[in-house]
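Asker: Need coordinates for the below:
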Amino acid sequence: MIKRPIFVLNLLFFFSFLGVVGESFAYFPSTLWSSDRIPKTLIGLTLGHFITPNRHDLVVIHPDGLILYEKHEETLIKSFEYNNKSKAQWMKVSAFDVDGDGLDEVLLTGFYLGRVTSLVVSLTDGKYFEKGNLSAYLNVVLWNGEKILLSQNRLGAGDFSGPFFRMVWQAPKGQNGKLIAQDSIRLPGQWAGEQPSLYDVSGFPKSTEKLDGFLALSPTGILVHYQMQEGKWKSTWKSGQEYGGRVTYFNLPVKDMMNQVTNHRFYVPLHFEVVGKGQLPLLENRPFEEGVSMGPQLPSKSLLRTRSELCVYLPRNEGYLKNVVGAVPSVRSSSLARLVWTGYGFQENWSSVHFDGAITDFTLVDWDHDGSEEILATFLLRDKGYVDTLKKQDSLIMVIKPTF
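Answerer: Now for the predicted structure:
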């Protein structure tokens, strides 16, 4: 084994902290860690117990497939990759224990031959196995204190519309299982055709005693709190700023209910997350096996931080041609904001730096095991021009550490 001089090791350690060792692109001030440049268009991610019920792993998707990552020390190692053999193109991913066996399934939503479709996929034993499908959008939503599986647009039309249906797994003895609609959830705007997107709503954790109802992002990016009053949903608070902003995805011919084909421009929907104390998944470290390179390491940190009982994290996209009628907006930069509950409403108390590119998805996780949340995100690099089509864009997976 070759021993480096202490001076060289110190320099390596210092630049490792800055994230500039080798091919690392972790150069943003608020970035705790980032992957090297990934030559794929990463548009979604989710955490789940996919391999074992005792450990969280990470699944990221691009339009043509998925990648499973495991965390080793302070970095992510790719352990499995699946590329579509069909003509499906994916736009969103989530994780849910559909059949109650203790392992999460991967829920993929996208389009197949121009129709909305979702797949229930098992990654048990490191193998890709399709357990079921549905002609609708699927998402896991925090509702009345628990995470439930919801579908929207069961008829498979080309946009986000229609009521929400709670989905359950039904597997008669001796038959293959399938998802069926159990009951519907009525939200404001349902009968006017203005119901929120399945990816733009969230309820509150059980630990939150003073809040009920749900939060929703309006099409213009205004965050709205709804409560049930006299049997009707009524808005009780609205943000003074615009958040959200979907990232342009791709053009696709879509068949409607009458089998007529029209071209639609679809978007990667950006969600938001509501978190209370004790709600964070811990992304566990796995020890490196002998002979596996650990790569650049971050120094260990011991930080004591506190936060509000309840907070909301939202994306904010800045782009060009945002208010030009008929123009397709493009993404120039992305940032993330945190809002905390004040007792009367939500107030923004932190915002990340502006990242030159597009954050396409994120989730909250305790990355460095200090008891507070970090933001794990997929990010598209804006190398040439604007991010106006997400095809053939290089990506990063990065961890952002909020300040408190």
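Asker: Below-threshold pLDDT in the stretch 1-150 of the chain: ranges please.
Answerer: 1-30 (pLDDT under 70).
Asker: Please enumerate the helices of it.
Answerer: 6-18 (DSSP state H, counting those that start in this stretch).
Asker: At which residues are the strands of it located?
Answerer: With DSSP state E, counting those that start in this stretch as the criterion, the stretch 1-150 of the chain has strands at 31-34, 44-48, 57-62, 65-72, 75-83, 88-96, 105-112, 115-122, 129-134, 137-143, 146-152.
Asker: for the nearest residue to K40 once chain neighbours are set aside, what are its contacts?
Answerer: Spatial nearest neighbour of K40, chain neighbours left out: H62 (4.5 Å); criterion: Cβ to Cβ, 6 or more residues apart in numbering. Any C-beta I mention is one placed from the backbone N, CA and C, and that applies to glycine too. Taking Cβ atoms under 8 Å, 6 or more residues apart in numbering, we find H62 in contact with 40-43, 90, 395.
Asker: Go through the strands of the stretch 1-150 of the chain and name the closest to A171.
Answerer: A171 lies closest, by Cβ to Cβ, to one member of the strands of the stretch 1-150 of the chain: strand 129-134, at 9.4 Å.
Asker: got the CA positions of that closest one in PDB?
Answerer: Coordinates of the C-alpha atoms in strand 129-134 are reproduced here as PDB (Å, rounded to 0.1, in the frame of the first residue of the first chain):
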ATOM      1  CA  PHE A 129     -40.700  -8.000 -11.400                       C
ATOM      2  CA  GLU A 130     -43.900  -6.400 -12.500                       C
ATOM      3  CA  LYS A 131     -46.700  -7.300 -10.100                       C
ATOM      4  CA  GLY A 132     -49.500  -5.200 -11.500                       C
ATOM      5  CA  ASN A 133     -50.500  -2.200 -13.600                       C
ATOM      6  CA  LEU A 134     -53.200   0.500 -13.700                       C
END
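Asker: Next, the angle from it to strand 88-96.
Answerer: 100 degrees (axes from the mean of the first three to the mean of the last three Cα atoms, to 10 degrees).
Asker: Measure how strand 129-134 sits relative to strand 105-112, angle-wise.
Answerer: 60 degrees.
Asker: partners of strand 129-134, with directions?
Answerer: Counting by DSSP bridges, the strands paired with strand 129-134 are strand 115-122 (antiparallel).
Asker: quick check: angle from the strand it pairs with to strand 65-72?
Answerer: Using the same axes, to 10 degrees: strand 115-122 against strand 65-72 is 40 degrees.
Asker: Quick one: work out the angle between strand 115-122 and strand 75-83.
Answerer: Using the same axes, to 10 degrees: strand 115-122 against strand 75-83 is 120 degrees.
Asker: Now strand 115-122: buried residues?
Answerer: Residues 116-122 are the ones in strand 115-122 that count as buried (16 or more other Cβ atoms under 10 Å).
Asker: Ends of stretch 185-198, what's the gap?
Answerer: End-to-end distance for stretch 185-198, by Cα to Cα, to the nearest Å: 11 Å.
Asker: please begin residue numbering at 35 from this point
Answerer: With the count now opening at 35, the last piece we talked about shows up as stretch 219-232.
Asker: State the mean pLDDT of whichever strand or helix holds V399.
Answerer: Using DSSP states H and E, V399 sits within strand 391-399. Averaged over strand 391-399, pLDDT sits at 89.
Asker: Can you show me the CA trace of the helix or strand where R350 lies as PDB?
Answerer: Using DSSP H and E, R350 falls within strand 344-354. Written as PDB, here are the backbone C-alpha positions of strand 344-354 (Å, rounded to 0.1, in the frame of the first residue of the first chain):
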ATOM      1  CA  LEU A 344     -44.100  21.300  11.600                       C
ATOM      2  CA  CYS A 345     -42.500  22.500   8.500                       C
ATOM      3  CA  VAL A 346     -43.000  22.300   4.700                       C
ATOM      4  CA  TYR A 347     -40.400  22.100   2.000                       C
ATOM      5  CA  LEU A 348     -41.200  23.400  -1.500                       C
ATOM      6  CA  PRO A 349     -39.300  23.800  -4.800                       C
ATOM      7  CA  ARG A 350     -39.200  27.100  -6.500                       C
ATOM      8  CA  ASN A 351     -38.300  27.200 -10.200                       C
ATOM      9  CA  GLU A 352     -37.200  30.400 -12.000                       C
ATOM     10  CA  GLY A 353     -37.400  30.400 -15.700                       C
ATOM     11  CA  TYR A 354     -37.700  32.400 -18.900                       C
END
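Asker: For it, give the mean pLDDT please.
Answerer: 82.
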